[in-house]
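[1] Please work out how this folds:
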Amino acid sequence: MLNEEAEPQVLRVSWVIIKIQAFIDILDAAILSVPVCDENVEVMERFTYLGSDTHVSAGCEPEVNRRLVRAWGVMDSLDHEVWRCRFLKVYEHCIGLAESGDMQRQSVTEMVGLLMLEADVLPGECLAALATVFVAIIKAGGISNGLSMELFSCILTCLASKETISSGTGTQTISLCLPHLTPPPSWWELSCVIHLASMFRDVLLSAEELQLVVRKILKTFPIIYLQDIPPLVYQLLLLSAKGQKHEVLDGIVSFFSCLDQRCKKNQNSLTYVIYMIIKLRQVEGTVILHVAFAIGLDQGLGREFIKGLKVSGKVLCPFQIALAMSVARIQRFEEQIYDFMKITIVKSLKDLQMQRTSRLIQDLIPEECQISEVIVETVQNSTLGWDHVTQGFSGPGGRVSEATGSPFQTINQLACALGAKILLETFKAHETMRSEILEQLLNRVVTKASSPIRQYLALLSDTVMSAPLILFECLPKVQEVFDYLCYLPPSAVLGLLKAIQPLLKVNVGLKDSLMLVLRKSMFSRELEARKSSATGFLLLLKNFKVQGSLPCSQPASQLITDTQLQGALHAKLNSAANEALCLEILSSLRRGLAQQADVRLLLYEGLYDVLKKNSQLAPPILQMLLQQLRRHVESTQDILPPLRLEGCITGQGEQVFLQEPLAHLLSCVQACVRKWKELRIQVQVEGGCEDGHDEDDGGEGDNVLRELQELLDSVSVRMVKSELEDFELDKSADFSLSISIGVKNNIYAVLVLGVYEVLLEYNFTGPDISIQQSEQVLGLFKRYQELAELLKEKVARGKNAAKSPRSLLSLTCIGSLLKALLSEINREDVTGLVQLQACAALQRHVATTALHKLQQAEETGQVDGPDGQNVAKTMLWHYTSVPVSTQSSGRKDKNMPLNLLCLEGLKRAFGAVQHRFSEKLPQRAFSSPNRGLSHSSSFFIVSVAL
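    I've put the predicted structure just below:
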């Protein structure tokens, strides 16, 4: 260095006059000179070291670097044994200078680079000493900005390459240093943890050393500041490229799981908890983003994550599920994660069902947090900016909601309900996901219409009600679905229109589009399209009431708020506009009554509900039914039989088809007549008109009602007088389904049986039935029994005979008949009822029909016919009050006692309520399934209307 200083001045350094300070720890005191540049330099006892004051005497950073370089040149020329301690001194001062913050970052980087270049030539003992110096600085909290950590990693790397040093090998020395890098006890000293994690990425470590480093870094998680967790996790993920991937992921998940549990327990201070939860969710979101990004770059890390999900025996925590949903966005892991989530959900539901049905399991294994609750909690947590997480929820929600099962609440159905709940909660919580979820639902309704789609329709209805304003932004998508209505089955059309019904009431354009599609479908060549059209028209008639309930104005402005929209949904419609719409629909339905039997059957089954919910349409509905009935009933009172069955069938070559479901027509007529009479009586009792149209339409409606009643009375009397031979249905008739005449006779028999049942229901007026009416009922039942026995005989003879049709008795009539036939008579003025109770065959027939209805309710969740009626309570009373006179052998045959029929009906009622209508029950009804139902719970269950 002296030579370089003197060279610009054209001077020469004379080493004879240069003196060097003595190093007592290396040189003996007797040594007086040291050879330098082939000259002896005098050794002094005391001298100021050139490098020790470099940072003091230098006036600027370039000067520091210049002198430092020159000092290295001088030291290279000296004996290494002499200057070893001075190496340490230079490094120590430079480290302090780098961490002081007094120098610019670029200058510090250059200085550290120079020190790293010289580290390769340092002896092993010097490197070991430098490592010890760094450890001491780290433990003392001397690392502030971490700029010197790169030098530390370089020193450790060079040390590892040294085969022998005085204290052993370089690797052994590193192993001795690592235990000292424990988590410091104070918060100030924890500032170097992130820098240490970054430093170890460049150090060659064995598997045991890497495991030690990872564990010690993970131990610092609970004691460092929460905002320092994401950068530390980022460094850990980079470090995991060396190994220990499973331990890194498991440590991260375990830490945040414990934090979530701690926040749930510490809810005493609400403000503090909310503040901490918000901060925690933000940190979790950043960490999830780091982990997902690292997995995207390192597929091995992703495989370890999925392996950890599968082998873990613990219940998944919200953080773990959120992380899985974020990783699922990576195409390579999407299928694996979604399949795992579906399997986990099903397994959790099975365990829950098993635990709730077994007292032993409840006592041995405590009930843990269920996966459904955890997933819903995860969706709620994701509202704080977890956009990379929310996009993954539509995957498992959609897949789980695809599960379908048996008619009962199986595991698949429970999983399906959970999937729908996931999608609904996501729809409510995240506005950005609403359009995607809605599009998914509509697409699945259209593409999966041939399979059960009730779960999609229910979810669509919930989404419409939870955020109706969003649906206005997606109206083109909804209108596009209307184009596919003609290809959907009627059940799917009904569910779809029910779901979007609130939108139809407030958007004229959407309603008009639907009307055009339905009118076009009514005259389609496809039968399913016409049935779908009839279903849609009936739904509109039921919901667009003439008396008015909602406004017909279209909220075209996009500035409408949710509150205003909800108000619009509950405001009143213009009555005149609704009336015009309903009359237009009825005009289309009149044309539908001239189509196939399936279309007519849908109309007959739906017009009663229309009249019940939109009573102002009763006169035109009754008039339409009267015109239809006149075509198939002989108006002359003396003609037997009174029915024109020839017009009810049609033929095409050798094939015979049903054209007019006459029994269902009569059933619709008698139900509408009963309902209209009840409404008229109710209006008269209240002393006013139901609305302004009653006074004008009263005369016309009364005339139609009177004519229908006379027609029904006349048909009832003449049907009792008519013999089976009058219908050509005697014992000589052929009922084989292999020939056309047999098919025709079967159709006639089914029609006549249905007519008998409908007229029996019409003539039964209740417990106060007169003797004349009871005789009429018994006469109709006798004719019904004759024809039914004839059909049973034909069924027993050949395999090609038709099966017994479903009963057309409504559940309301069955309930009233059961109560009248099975109850005790305490009055003397009910002689007509006494006559009915004396007929044991009628009692058995009604009980058997009730059993079939209850079985239908258990299997499908609904019953044929209008309205509903409690029948189980009557069966329960009869079974518990009337003693069994004869014991049954246990075989379910036609000789089963009435008591056992009632018992079987009770079983079906309990099954239907438990599996189909459990949402109507309070929680306490089934709170202890092992202990059985209480007496009050039993009566509550049987009182649920089926």
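
[2] hey, let's count contacts and neighbours off CA atoms from now on
    Fine.

[3] got a pLDDT number for Ile217?
    Looking at Ile217, its pLDDT reads 86.

[4] can you tell me how far it sits from Gln282?
    Counting by C-alpha to C-alpha, to the nearest Å, the gap from Ile217 to Gln282 is 22 Å.

[5] what ranges do the strands span in the stretch 101-250 of the chain?
    With strands called from DSSP state E, counting those that start in this stretch, the stretch 101-250 of the chain shows none.

[6] Could you list the low-pLDDT ranges of it?
    Applying pLDDT under 70 to the stretch 101-250 of the chain flags residues 101, 140-142, 144-146, 162-191.

[7] 90 instead, please
    101-229, 231-232, 235, 239-246 (pLDDT under 90).

[8] The stretch 251-400 of the chain now?
    257-282, 284-285, 296-300, 302-303, 305-322, 324-326, 328-400.

[9] hmm, 80 instead?
    The model of the stretch 251-400 of the chain has pLDDT under 80 over residues 263-276, 311-315, 352-353, 355-372, 383-388, 390-400.

[10] The chain: strands as residue ranges?
    19-21, 33-36, 39-44, 649-652, 655-658 (DSSP state E).

[11] follow-up on the earlier one: higher neighbour count, Ile217 and Gln282?
    A direct count of neighbours by other C-alpha atoms under 10 Å for Ile217 and Gln282 places Ile217 higher, at 22 against 18.

[12] Surely that one and Ala197 touch.
    Yes. At 7.3 Å, Ile217 counts as touching Ala197 under the criterion of C-alpha atoms under 8 Å.

[13] Give me the contact list for stretch 469-486.
    Outside of stretch 469-486, the residues within contact range by C-alpha atoms under 8 Å, 6 or more residues apart in numbering are 434-435, 439, 442, 446, 464, 493, 503, 510, 513-514, 517, 521, 528-530, 532-533, 560-562, 565.

[14] tell me how far the ends of it are from each other?
    27 Å.

[15] What confidence value was assigned to Gly419?
    78.

[16] hang on, the earlier thing: and the strands of the chain, which one averages the lowest pLDDT?
    Among the strands of the chain, strand 19-21 scores lowest, with a mean of 49.

[17] Start and end of stretch 132-152, how far apart?
    Where stretch 132-152 begins and where it ends lie 10 Å apart, using C-alpha to C-alpha.

[18] should've said stretch 863-873
    From its first residue to its last, stretch 863-873 covers 17 Å (C-alpha to C-alpha).

[19] Just the buried subset of the contacts of stretch 469-486, written out for ChimeraX, thanks.
    Burial among the contacts of stretch 469-486 is assessed by 16 or more other C-alpha atoms under 10 Å; the matching ChimeraX selection reads:
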select :434,435,442,446,464,493,503,510,514,517,521,528,529,530,532,533,565
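
[20] For the stretch 601-750 of the chain, which segments count as helices?
    Taking DSSP state H, counting those that start in this stretch as the test, the helices found in the stretch 601-750 of the chain are 618-630, 662-686, 694-721, 740-763.

[21] Which stretch among those is buried most, on average?
    Mean neighbour count (mean count of other C-alpha atoms under 10 Å) peaks for helix 740-763 among the helices of the stretch 601-750 of the chain, with a mean of 22.

[22] what does that one contact?
    Outside helix 740-763, the residues that reach it (C-alpha under 8 Å, 6+ apart) are 645, 649, 654-658, 661-664, 666-667, 670, 712, 716, 719, 727, 729, 733-737, 773-774, 776-777, 780-781, 783-784, 787-788, 802, 805, 807-809, 813.

[23] from those residues, which would you call buried?
    645, 649, 656-658, 661-664, 666-667, 670, 712, 716, 719, 727, 729, 734-737, 773-774, 776-777, 780-781, 783-784, 787-788, 802, 807-809, 813.

[24] so how far is Ile771 from Arg718?
    For Arg718, the distance to Ile771 - C-alpha to C-alpha - is 18 Å.

[25] cool, Asn703 as well?
    Note on Asn703: its distance to Ile771, by C-alpha to C-alpha, is 28 Å.

[26] and if you look at Glu904?
    Distance, Glu904 to Ile771, by C-alpha to C-alpha: 32 Å.

[27] gap between stretch 602-616 and the chain center?
    Mean C-alpha position of stretch 602-616 versus that of the full chain (C-alpha atoms, centre = their mean, to the nearest Å) differs by 34 Å.

[28] could I have it exported to PDB, CA atoms only?
    Presented in PDB, the C-alpha positions along stretch 602-616 are these (Å, rounded to 0.1, in the frame of the first residue of the first chain):
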ATOM      1  CA  LEU A 602    -101.200 -31.600 -16.100                       C
ATOM      2  CA  LEU A 603    -103.900 -29.000 -16.500                       C
ATOM      3  CA  TYR A 604    -106.500 -30.900 -14.500                       C
ATOM      4  CA  GLU A 605    -104.000 -31.400 -11.700                       C
ATOM      5  CA  GLY A 606    -103.000 -27.800 -11.600                       C
ATOM      6  CA  LEU A 607    -106.200 -25.800 -12.100                       C
ATOM      7  CA  TYR A 608    -107.400 -26.500  -8.600                       C
ATOM      8  CA  ASP A 609    -104.200 -24.900  -7.200                       C
ATOM      9  CA  VAL A 610    -104.800 -21.900  -9.500                       C
ATOM     10  CA  LEU A 611    -108.300 -21.400  -8.200                       C
ATOM     11  CA  LYS A 612    -107.200 -21.800  -4.600                       C
ATOM     12  CA  LYS A 613    -104.400 -19.100  -4.900                       C
ATOM     13  CA  ASN A 614    -106.100 -16.900  -7.500                       C
ATOM     14  CA  SER A 615    -109.700 -17.000  -6.600                       C
ATOM     15  CA  GLN A 616    -110.800 -14.300  -9.000                       C
END
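
[29] tell me which residues in that stretch are buried?
    Neighbour counts over stretch 602-616 (16+ other C-alpha under 10 Å) mark 602-612, 614-616 as buried.

[30] now these as a markdown table including distance to His246 and pLDDT?
    Listed next are the buried residues of stretch 602-616 as a markdown table, based on distance: C-alpha to C-alpha, whole Å; pLDDT from 0 to 100:
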| residue | distance to His246 | pLDDT |
| --- | --- | --- |
| Leu602 | 62 | 92 |
| Leu603 | 64 | 93 |
| Tyr604 | 66 | 93 |
| Glu605 | 63 | 91 |
| Gly606 | 62 | 91 |
| Leu607 | 65 | 92 |
| Tyr608 | 66 | 92 |
| Asp609 | 62 | 91 |
| Val610 | 64 | 91 |
| Leu611 | 67 | 91 |
| Lys612 | 65 | 89 |
| Asn614 | 66 | 87 |
| Ser615 | 69 | 86 |
| Gln616 | 71 | 86 |
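
[31] Out of those residues, which is nearest to Gly302?
    Leu602 (55.2 Å; C-alpha to C-alpha).

[32] Contacts only, for that closest one.
    By C-alpha under 8 Å, 6+ apart, the contact set of Leu602 is Lys531, Ala534, Thr535.

[33] who's in contact with the closest residue to the first one other than its chain neighbours?
    It stands for Lys531. Leaving aside its sequence neighbours, Lys531 sits nearest to Val599 (C-alpha to C-alpha, 6 or more residues apart in numbering; 5.3 Å). Counting by C-alpha under 8 Å, 6+ apart, Val599 touches Leu527, Arg530, Lys531, Ala534, Gly592, Leu593.

[34] burial measure for the closest residue to Lys350 other than its chain neighbours, as a count.
    Nearest non-adjacent residue to Lys350, counting by C-alpha to C-alpha, 6+ apart: Ile411, 6.5 Å away. Residues lying near Ile411 (other C-alpha under 10 Å) number 21.

[35] Ile411 and Ser466: what is the separation?
    Taking C-alpha to C-alpha, one finds Ile411 at 27 Å from Ser466.

[36] Fine by me, we can end here.
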